[in-house]
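# please work out how this folds:
(one chain, ligands or ions: 2)
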Amino acid sequence: MKKNGNAVSSKAFTATAPRVAVAIMAAGKGTRLKSQLPKVLHEVGGKPLLAHVIAAATRVVPPNDVFAVIGHEADRVRSAVAHTGVNFVLQAAQRGTGHALMVAQPALSSYDHVIVLSGDAPQITPQTIARLLNFHLDEQAAMTLLSADLDHPTGYGRVLRKSPRSAEVQAIIEEKSASPAQKRIREINAGFYVFAVPQLFSHIQKLSTANPHGEYYLTDMAEVLRKARERVVAWKTENSAEVLGANTRVELSFIDYQMRMRKCHELMAEGVTIFYPATCVIDNDVEIAPDTVIEPFVQILGRTRVGTACRIRSYSVIRDSEIADGVLIRPGCILEEARIGPSAVLGPYSHLRPGSDIGEGAHVGNFVETKKIKLGKGSKANHLTYLGDAEIGAGVNIGAGTITCNYDGVAKHTTVIGDGVFIGSDSTLVAPVRVGKGAYVGAASCITEDVPEDALAVGRARQVVKERWAREKRAARKPTTEAEKPPS
Ligand code: UD1
Ligand code: CA
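Ligands and ions are numbered 1, 2, ... in the order given. Just a heads-up that it's a prediction; the model follows:
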């Protein structure tokens, strides 16, 4: 039976709606991950498992109706997701998924229904949560569980229906308690449920720990409620990917891979070329305009926005940056909180640190590091240079090996370079210092004082040439050891 199968919005939004809470089970240690980090803080798709589940939950009910049950490393989990505005319930000792709901009873008792989500299954969608809730309300069930058919169901609880076509569920059998015949059942319990709150808490104390793990299994509520003549039903999702739990490192990497591929496929559908997408890591919030080309082994992370007709060549890692249209990023660049103007050219091997603002058509080249600078329109810093805390005008040429000495050991100072300036190679600009418009700085200068507009500044020792010096020195020196004698 599949009533209301296409409904996406939940009935919880209507004026006469029942009061609905979401409880997210997130207290477990995650023993199978063999990690110091609690399971729900392991990351897929660039953020913690729990953050994904909270994001889905808060699109169905407001954050103040969401309760995360935390326990193992509770403080760490709480601070990682506190910004989401959800509530927390402490399950100090983790005695099973049933026990997680027992400790949440005081928080949940004023609601009519509770949607229960697993903090370690991050691909659940708000649409599926809302459909599960609608199915539950339509069926007037005491317990509704989400199920899915999996080709490899090992490890999951199996759903025993009353009969193959019935929505009604007999029991959920955990892997460790399943008979060989039950292990062949492919319909699994996804770990997402809706309970009618009064029925849940009238019967939850009937759960026992008489099972291979010695825990209170929430899954046993199916049998407990059925025996109490309450209605227990299952709704099967066609999208089995969204139910996968991350219990092991292999499962984590598989879910991460699925999320990354989904993002790449979305971008491709919108007109972005991605060669070899399996090698690219693109976070969910990244935006890329059509006709941009992403080469293999590129990472684009955080809140990065990339314009149209850009090319991002291999081995670049870009985080929280804004890249305008027509930008070429050659191989091996690292960008963090940088802004790149239209048609700029970066790399190979440029490092743009936070606050780098690169103007239209500007070039930042091989082994150039920038931090907190403005590089004007069409300006070039092509080789082996450090530019930090600098305001550089338009049409400026920064010679190879130039360094802005921005730090005096105590404080940072600014270098200001006017439009059309030419800085000769291997110059050091000791900040605070200004080079006026159109000025020249001779190669290898150490500039410690301001340079006026259109002037030439040369700040280096004069070259001295001593004729025949080398020849005379060689002649004066007699070989002392056998090894030093010229070959005969
Ligand atoms: C559970 C289900 C199984 C289902 C699977 C789907 C039970 C007994 N089994 O198994 O039928 O197929 O999910 O993914 O529920 N947690 C707590 N407190 C605890 C124990 C666990 O909050 O005391 C949390 C964990 O942090 C985790 C979630 O509950 O986020 C599920 O627990 P887990 O141990 O992963 O259950 P599974 O063995 O995967
Ligand atoms: Ca799990």
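# remind me, longest strand of this structure?
strand 187-196 (DSSP state E).
# against which helices or strands is that one packed?
strand 113-118, helix 126-139, strand 143-149, strand 158-161 (3 or more C-beta pairs under 8 Å, 6 or more residues apart in numbering; DSSP states H and E). For the C-beta atoms, the positions are set from N, CA and C on the backbone; glycine is no exception.
# how about those in CSV, adding mean neighbour count and distance to ligand 1?
Output for those, formatted as CSV (neighbours: other C-beta atoms under 10 Å; distance: least, C-beta to the nearest ligand atom, whole Å):
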stretch, mean neighbour count, distance to ligand 1
strand 113-118, 26, 4
helix 126-139, 22, 14
strand 143-149, 25, 9
strand 158-161, 21, 8
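# which ones are touching whichever residue of the chain sits closest to ligand 1?
Nearest residue of the chain to ligand 1 (C-beta to the nearest ligand atom) works out as residue 157 at 2.3 Å. Residues in contact with residue 157 (C-beta atoms under 8 Å, 6 or more residues apart in numbering) are 172-175, 188-189, 191, 219.
# distance of it from ligand 2?
Distance of residue 157 to ligand 2, given as C-beta to the ion, to the nearest Å: 10 Å.
# spatially nearest residue to that residue, not counting backbone neighbours?
residue 189 (3.8 Å; C-beta to C-beta, 6 or more residues apart in numbering).
# okay, that neighbour: pLDDT?
pLDDT, residue 189: 97.
# got a list of what it touches?
By C-beta under 8 Å, 6+ apart, the neighbours of residue 189 are 145-147, 156-159, 172, 219.
# make it 10 Å
145-148, 153, 156-160, 169, 172-174, 218-219, 222, 234, 243 (C-beta atoms under 10 Å, 6 or more residues apart in numbering).
# then residue 82?
So, once contact is read as C-beta under 10 Å, 6+ apart, residue 82 ends up touching residue 88.
# surely it is in a helix?
Yes: with DSSP: H, G, I helix; E, B strand; the rest coil as the criterion, residue 82 is part of a helix.
# against residue 88, how distant is it?
8 Å (C-beta to C-beta, to the nearest Å).
# please report the distance of the nearest residue to residue 327 once chain neighbours are set aside from residue 318.
Here the nearest residue to residue 327 in space, its sequence neighbours aside, is residue 310; by C-beta to C-beta, 6+ apart that works out to 4.5 Å. As defined by C-beta to C-beta, residue 310 lies at a distance of 11 Å from residue 318.
# now for the two: what residues contact both?
329, 340.
# quick revisit: the residue nearest to residue 327 contacts residue 321, doesn't it?
No: here residue 310 does not reach residue 321: they are 11.6 Å apart, not a contact under C-beta atoms under 10 Å.
# what's the overlap in contacts for these two?
residue 340.
# other SSEs contacting the helix or strand where residue 262 lies?
Assessed by DSSP states H and E, residue 262 sits inside helix 249-269. Packing contacts for helix 249-269, counted by 3 or more C-beta pairs under 10 Å, 6 or more residues apart in numbering; DSSP states H and E, involve strand 43-44, helix 49-57, strand 273-274, strand 281-282, strand 287-288, strand 293-294.
# got CSV for these, with distance to ligand 2, mean neighbour count and mean pLDDT too?
Output for these, formatted as CSV (distance: least, C-beta to the ion, whole Å; neighbours: other C-beta atoms under 10 Å; pLDDT from 0 to 100):
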stretch, distance to ligand 2, mean neighbour count, mean pLDDT
strand 43-44, 13, 18, 96
helix 49-57, 10, 24, 98
strand 273-274, 31, 18, 98
strand 281-282, 25, 22, 97
strand 287-288, 32, 20, 98
strand 293-294, 33, 21, 98
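# let me have these in TSV, extended by distance to ligand 1.
Shown next, in TSV, are the helices and strands packed on helix 249-269 (distance: least, C-beta to the nearest ligand atom, whole Å):
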stretch	distance to ligand 1
strand 43-44	14
helix 49-57	8
strand 273-274	31
strand 281-282	25
strand 287-288	31
strand 293-294	33
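# pretty sure residue 339 contacts residue 362?
No: using C-beta under 10 Å as the test, residue 339 is too far from residue 362 to be in contact (11.2 Å).
# who's in contact with residue 444?
Taking C-beta under 10 Å, 6+ apart, we find residue 444 in contact with 399, 401, 424-428, 458-461.
# buried subset of the residues you listed?
In the contacts of residue 444, burial by neighbour count holds for 399, 401, 424-428, 459, counting by 16 or more other C-beta atoms under 10 Å.
# stretch 116-136: end-to-end distance?
12 Å (C-alpha to C-alpha, to the nearest Å).
# now it, how far from the centre of its chain.
Distance, stretch centre to chain centre, for stretch 116-136: 22 Å (C-alpha atoms, centre = their mean, to the nearest Å).
# and if you look at stretch 253-262?
Using C-alpha atoms, centre = their mean, the distance from the centre of stretch 253-262 to the centre of the chain it belongs to is 12 Å.
# and stretch 92-106, by the same measure?
Distance of stretch 92-106 from its chain centroid, counting by C-alpha atoms, centre = their mean, is 30 Å.
# this protein - how does it break down into domains?
10-243, 249-457 (automatic domain parsing).
# how about TSV for those domains, with distance to residue 475 added?
TSV is the format used below for the domains of the chain (distance: least, C-beta to C-beta, whole Å):
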stretch	distance to residue 475
domain 10-243	69
domain 249-457	32
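# closest one to residue 465 among the ones you listed?
Among these, domain 249-457 comes nearest to residue 465, with 16.5 Å by C-beta to C-beta.
# span of that closest one from start to end?
With C-alpha to C-alpha as the measure, domain 249-457 spans 60 Å from end to end.
# just stretch 85-104 next, same as before
17 Å.
# what comes up buried for that stretch?
Going by neighbour count (16+ other C-beta under 10 Å), the buried part of stretch 85-104 is 86, 88-89, 91, 94-104.
# which residue packs closest to the residue of the chain found nearest ligand 2, ignoring adjacent ones?
Across the chain, the shortest distance to ligand 2 (C-beta to the ion) belongs to residue 245, at 3.6 Å. Ranked by C-beta to C-beta, 6+ apart and with sequence neighbours excluded, the top spatial neighbour of residue 245 is residue 121, at 4.6 Å.
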